[in-house]
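Student: missing the sequence, but the structure's below:
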């Protein structure tokens, strides 16, 4: 027989539209039924849970609808926070093995968060993503939201500082209140803005208030188990006390030749290059970020489609890669966008 606690957990997960928690609680009930000798009921429950997970994995939820409610930023955050429902997954990304394994572990913990809490544990909820521009930090946020079937809320902190300097701490508090009430994946982009603005001549204690607000937020219980990702290109200017509070710090590096080739091949699709062409392309691949590699590959694919070509030559791809190398050299000291 279900306990009151289990009934409450089912109702809460239904209200929040959290299918992962709902199914996890259902499995707990199945295990309890089995312990009580009701093996037939337990098996029925397990089969239904497996059917629901299979349907979701195939992209056909049993309800025919998204299993989470449409979520939007609170009125006070309109224009500062962008909400989307990504369909990206980790499988669509070219990642280093250690990065992929760590992100997969976070997803697994989030999916089994009810089980973890039954044992006095909680899932990882705060991740710091560090690395050069274009290495996949923003796409990771989309992939985690896609894996968990949650809305992605993107907050650009530098814009928040620029538009509301003097009110930033109050705006951040509104954001933290939303995180406590609406389950989702929250990307705090340009997170280094908190450290970069220390010493600003216009600062009258605002940065310290923001920093203290963020530190306090990260110590608070996360009632919705929302996933909060902070992304930065300049980890060296972050406050050490802040960095220590993240459950995971994930570092993104520029791809090695094998990873660069995998990224380009994925983007080229049906337009294949001969295997012997890749060794000649190695110098043009060096030092380019995944974002730059994708743009080079997309440029030659578009030209091939328009021209009705059935293949892409190594020379054409090399020229596109060299263009990206030239752009990178010109703008290395410019914007990190």
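Tutor: Nice, I can see it. In this text, all values refer to a predicted model and were calculated from it rather than measured experimentally.
Student: quick one, domains of the protein?
Tutor: 4-57, 75-251, 257-331 (automatic domain parsing).
Student: For the helix or strand harbouring residue 174, name the packing helices and strands.
Tutor: Assigned by DSSP states H and E, residue 174 belongs to helix 168-181. In terms of contacts (3 or more CB pairs under 8 Å, 6 or more residues apart in numbering; DSSP states H and E), helix 168-181 is packed against helix 157-164, helix 206-219. For the C-beta atoms, the positions are set from N, CA and C on the backbone; glycine is no exception.
Student: rewinding a little: would you mind finding the most buried of the domains of the chain?
Tutor: domain 75-251 (a mean of 18; mean count of other CB atoms under 10 Å).
Student: that older thread, give the rounded mean pLDDT of the helix holding residue 174.
Tutor: Averaged across helix 168-181, pLDDT comes to 79.
Student: Mind giving me the packing neighbours of whichever helix or strand comes after it?
Tutor: Per DSSP H and E, the first helix or strand lying C-terminal to helix 168-181 is strand 185-189. Judged by 3+ CB pairs under 8 Å, 6+ apart, strand 185-189 is in contact with helix 137-148, strand 152-156, strand 227-232.
Student: Dump those into JSON lines; add mean pLDDT and distance to residue 32 as well.
Tutor: As requested, the helices and strands packed on strand 185-189 are arranged in JSON lines below (pLDDT from 0 to 100; distance: least, CB to CB, whole Å):
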{"stretch": "helix 137-148", "mean pLDDT": "95", "distance to residue 32": "26"}
{"stretch": "strand 152-156", "mean pLDDT": "88", "distance to residue 32": "35"}
{"stretch": "strand 227-232", "mean pLDDT": "93", "distance to residue 32": "29"}
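Student: Turn those into a markdown table, columns for distance to residue 303.
Tutor: Formatted as a markdown table, these follow (distance: least, CB to CB, whole Å):
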| stretch | distance to residue 303 |
| --- | --- |
| helix 137-148 | 24 |
| strand 152-156 | 32 |
| strand 227-232 | 32 |
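Student: Okay, now the unreliable bits of the stretch 51-200 of the chain?
Tutor: Residue ranges of the stretch 51-200 of the chain with pLDDT under 70: 53-79, 162, 164-166, 195-200.
Student: And the strands in the stretch 201-337 of the chain?
Tutor: Secondary structure of the stretch 201-337 of the chain (DSSP state E, counting those that start in this stretch): strands at 227-232, 248-251.
Student: Can I get those strands in TSV including distance to residue 21?
Tutor: TSV is the format used below for those (distance: least, CB to CB, whole Å):
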stretch	distance to residue 21
strand 227-232	14
strand 248-251	21
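Student: show me the contacts for the residue minimising distance to the centre of the chain.
Tutor: In the chain, the C-alpha nearest the mean C-alpha coordinate belongs to residue 141, at 1.5 Å (CA atoms, centre = their mean). Residue 141 makes contact with 129, 152, 154, 185, 187, 229, 231 under the criterion CB atoms under 8 Å, 6 or more residues apart in numbering.
Student: Same question for residue 229.
Tutor: So residue 229 contacts 127, 128, 129, 140, 141, 144, 185, 186, 187, 188 (CB under 8 Å, 6+ apart).
Student: rerun at 6 Å
Tutor: Taking CB atoms under 6 Å, 6 or more residues apart in numbering, we find residue 229 in contact with 127, 129, 141, 187.
Student: Tell me if residue 120 really is in a strand.
Tutor: No. Looking at residue 120 with DSSP: H, G, I helix; E, B strand; the rest coil, it is coil, so not inside a strand.
Student: mind checking how far the closest residue to residue 260 other than its chain neighbours is from residue 212?
Tutor: Nearest non-adjacent residue to residue 260, counting by CB to CB, 6 or more residues apart in numbering: residue 285, 4.3 Å away. Residue 285 sits 44 Å away from residue 212, going by CB to CB, to the nearest Å.
Student: And residue 93, by the same measure?
Tutor: Counting by CB to CB, the gap between residue 93 and residue 212 amounts to 35 Å.
Student: Please apply the same query to residue 94.
Tutor: In terms of CB to CB, residue 94 sits 39 Å off from residue 212.
Student: now swap in residue 133 and tell me
Tutor: In terms of CB to CB, residue 133 sits 29 Å off from residue 212.
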